[in-house]
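Novice: Got a predicted structure plus its sequence, pasted below:
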Amino acid sequence: MNSYLQWYKRALLLGMILNGGAIIGIFFFPHALLRLLSIPEPPLIWVRAVGMLVTNVSISYIPALLNPVENRWVAIYTVVPRLVSA
């Protein structure tokens, strides 16, 4: 396998693991997470909505993680939005 693909898959897996940590914090410990990050507490429904969005994004990364060559557009979708927002 190409070394670039290996590093892509490692970075994507690391991002999914970090997203998973955020998802667990958002769903099970929202008040503690917001206090830890020094974020004023909005209504809890908005915090959970962000958790659902992060969950959906993480799930959409799975095809790119399993086979980035065959699922090329999904793999591109995982990188381009992060570059645009940076």
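Specialist: Sure thing, it's come through.
Novice: show me where this protein has helices.
Specialist: Secondary structure of the chain (DSSP state H): helices at 3-28, 30-36, 44-60, 62-66, 72-85.
Novice: tell me the most buried of these?
Specialist: Mean neighbours per residue, mean count of other C-beta atoms under 10 Å, is largest over the helices of the chain for helix 62-66, with a mean of 16. All C-beta spots, glycine's among them, are computed from the backbone N, C-alpha and C.
Novice: residues making contact with it?
Specialist: For helix 62-66, contacts defined as C-beta atoms under 8 Å, 6 or more residues apart in numbering pick out 9, 12-13, 16, 71, 74-75, 77-78.
Novice: Is it possible to get JSON lines of those that adds pLDDT and distance to Ala22?
Specialist: Converted to JSON lines, the contacts of helix 62-66 look like this (pLDDT from 0 to 100; distance: C-beta to C-beta, whole Å):
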{"residue": "Lys9", "pLDDT": "90", "distance to Ala22": "20"}
{"residue": "Leu12", "pLDDT": "89", "distance to Ala22": "16"}
{"residue": "Leu13", "pLDDT": "92", "distance to Ala22": "15"}
{"residue": "Met16", "pLDDT": "91", "distance to Ala22": "11"}
{"residue": "Asn71", "pLDDT": "84", "distance to Ala22": "24"}
{"residue": "Val74", "pLDDT": "85", "distance to Ala22": "21"}
{"residue": "Ala75", "pLDDT": "84", "distance to Ala22": "22"}
{"residue": "Tyr77", "pLDDT": "83", "distance to Ala22": "20"}
{"residue": "Thr78", "pLDDT": "81", "distance to Ala22": "16"}
